[in-house]
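**Q** starting from these lines, generate the structure:
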Amino acid sequence: MSVQWAGGRLAAAMRADAARNLDAVLHAGARLLARDPATAMAAIAAEAGVDRRTVCRRFANREALLAAVYAAKLDASGAVLDAARLTEAPVAIARHGYVESIIPVGRRRPLDIRRMREVDPEADERAEAQRERLEAFLPRAADEGLIRQDLLPGWAKALLGGMIDNMVHVFTDIEPGPAVDPVVISFGDGVG
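**A** Here you go, the predicted structure:
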């Protein structure tokens with residue numbers, strides 16, 4: 001075994017370890033900061049199972065960590081929107097796929113995305129673009145008769161968002177797969 005090979009392998013292992021640590025910090029930060037925005041970095045590090053210096057080396061302060069949590073949530077939400085194929089898939093399938101996949105994203109990163117404006121204006125712009133993608137989907141549902149066309153503008157999106165939010169924060173004991181049905185049925189019956 002050559003030193004270079006061992007060094008390359010060690011570097012790869014360190015990168016994987018660093019990625020796991022970062023994910024643990026972002027996950028712990030999301031949970032703890034959602035409960036208490038003043039949570040200390042040391043508490044987040046302890047919850048993530050890493051040294052406080054690891055967190056402080058990566059994030060200058062709590063606001064930087066919070067911005068990274070929002071960015072990670074937006075990345076995951078964007079992937080959900082892509083996978084749901086809101087503009088191509090049949091409406092019922094796209095709606096089901098979106099709801100089933102977005103619930104775990106919200107549970108893993110339970111911070112309220114609306115607080116982003118205070119922390120990171122660029123992230124808020126990304127969030128707005130994602131909201132627009134979802135809003136563009138709802139007229140398709142109305143055209144196919146799955147949503148009434150006489151609703152207040154934005155009402156269907158608000159109801160869907162509220163039901164998903166309840167599955168994320170209130171009905172946490174229901175797994176994401178089974179959580180889809182109450183949301184989809186209530187949404188369809190409530191605005192259908």
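**Q** where do the helices sit along the protein?
**A** 3-35, 41-48, 52-58, 62-84, 91-108, 116-119, 121-143, 155-169, 176-191 (DSSP state H).
**Q** how about those helices in TSV, adding mean neighbour count, distance to residue 149 and mean pLDDT?
**A** The C-beta positions use only the backbone N, C-alpha and C, and glycine is treated the same way. Formatted as TSV, those follow (neighbours: other Cβ atoms under 10 Å; distance: least, Cβ to Cβ, whole Å; pLDDT from 0 to 100):
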stretch	mean neighbour count	distance to residue 149	mean pLDDT
helix 3-35	14	36	72
helix 41-48	18	47	95
helix 52-58	15	49	90
helix 62-84	19	22	92
helix 91-108	19	14	93
helix 116-119	16	31	73
helix 121-143	16	5	88
helix 155-169	17	10	91
helix 176-191	16	10	87
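**Q** residue 144 - how many residues pack around it?
**A** Look at residue 144: counted by other Cβ atoms under 10 Å, it has 11 neighbours.
**Q** quick one: contacts of stretch 36-53?
**A** Around stretch 36-53, the neighbours that count as contacts under Cβ atoms under 8 Å, 6 or more residues apart in numbering are 21, 24-25, 27-29, 31-33, 54-56, 59, 61-62, 65.
**Q** now it - C-alpha only, CSV.
**A** Extracted as CSV, the C-alpha positions of stretch 36-53 are listed here (Å, rounded to 0.1, in the frame of the first residue of the first chain):
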residue,chain,number,x,y,z
ASP,A,36,-35.8,28.1,20.8
PRO,A,37,-34.1,30.6,18.4
ALA,A,38,-31.7,31.5,21.2
THR,A,39,-30.2,28.0,21.5
ALA,A,40,-26.5,28.1,22.1
MET,A,41,-24.1,26.7,19.6
ALA,A,42,-22.7,24.4,22.3
ALA,A,43,-26.1,22.8,22.8
ILE,A,44,-26.5,22.3,19.0
ALA,A,45,-23.0,20.7,18.9
ALA,A,46,-23.9,18.4,21.8
GLU,A,47,-27.2,17.4,20.2
ALA,A,48,-25.4,16.7,16.9
GLY,A,49,-22.7,14.6,18.7
VAL,A,50,-19.8,16.8,17.7
ASP,A,51,-17.4,19.1,19.4
ARG,A,52,-18.4,22.7,19.7
ARG,A,53,-15.3,23.7,17.8
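**Q** just how off-centre is that stretch within its chain?
**A** Computed by Cα atoms, centre = their mean, to the nearest Å, the chain-centroid distance of stretch 36-53 equals 20 Å.
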